[in-house]
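Novice: here's a sequence, model it:
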Amino acid sequence: MKRRVLLTKCLPAGAALLASGGLASQTGCGTAGAQNRKITVLNPAITEKFAERTPLAPRLNTLEGKTIYLVDTNYEGLGRTPVMEEMQVWFTRNMPQVKTVFKLKSGNYAADDPALWKEIAENKGDGVIIGVAG
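Specialist: Below is the predicted model:
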């Protein structure tokens, strides 16, 4: 993470000007005594380390006889939404040879759900359709 030093006297005026598209130099931040009031902040968006790369799973040749999990990511923790359930109805009507299992992920869309991923692996799910279904 990169460290940045900000002048505390400039923060409210600078934030307002940045939001309105103004320039920080118009805030009068260079006034006497401002250099003595510093804080250090971290920018979490910058890192020198690359994320570990994971290869994509191989594609299935067919869905016939496969078990597909339909995972609703529980966007904003709102609970069930109809999109994945509608997909399950579609599979039942149009591809009855495909077994579908609907699951609502715990937490919200950004939270991990290790118990669900473990369940899918243990039940030998052949594929997963996961998405925000809101």
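Novice: show me the helices in the protein, by range?
Specialist: Taking DSSP state H as the test, the helices found in the chain are 11-20, 82-94, 114-122.
Novice: lowest-confidence helix or strand of the protein?
Specialist: In the chain, no helix or strand scores lower on mean pLDDT, DSSP states H and E than helix 11-20, which sits at a mean of 48.
Novice: now residue 65: closest residue in space, sequence neighbours ignored.
Specialist: For residue 65, the nearest residue in space outside its immediate sequence neighbours is residue 97; the separation is 6.0 Å by Cβ to Cβ, 6 or more residues apart in numbering. In short, each C-beta sits where N, CA and C put it, glycine included.
Novice: list the contacts of the one you found.
Specialist: Listed by Cβ atoms under 8 Å, 6 or more residues apart in numbering, the contact partners of residue 97 are 63, 64, 65.
Novice: could you chop the protein up by domain?
Specialist: Taking automatic domain parsing as the criterion, the chain consists of the domains 2-43, 67-131.
Novice: quick check: mean pLDDT across the last one?
Specialist: Put plainly, it is domain 67-131. Taken as a whole, domain 67-131 carries a mean pLDDT of 89.
Novice: quick one: end-to-end distance for that domain.
Specialist: Between the opening and closing residues of domain 67-131 lies a distance of 17 Å (Cα to Cα, to the nearest Å).
Novice: over to stretch 41-52?
Specialist: Taking Cα to Cα as the measure, stretch 41-52 stretches 26 Å from start to finish.
Novice: counting neighbours, what do you get for residue 40?
Specialist: Residues lying near residue 40 (other Cβ atoms under 10 Å) number 8.
Novice: which residues touch the residue lying closest to residue 85 once chain neighbours are set aside?
Specialist: Counting by Cβ to Cβ, 6+ apart, residue 102 is the residue found nearest to residue 85 once chain neighbours are left out, at 6.1 Å. Under the criterion of Cβ under 8 Å, 6+ apart, the neighbours of residue 102 are 69, 70, 72, 84, 85, 88.
Novice: which one is residue 129 nearest to, not counting chain neighbours?
Specialist: On the basis of Cβ to Cβ, 6+ apart, the spatially nearest residue to residue 129 that is not a chain neighbour turns out to be residue 70, at 5.2 Å.
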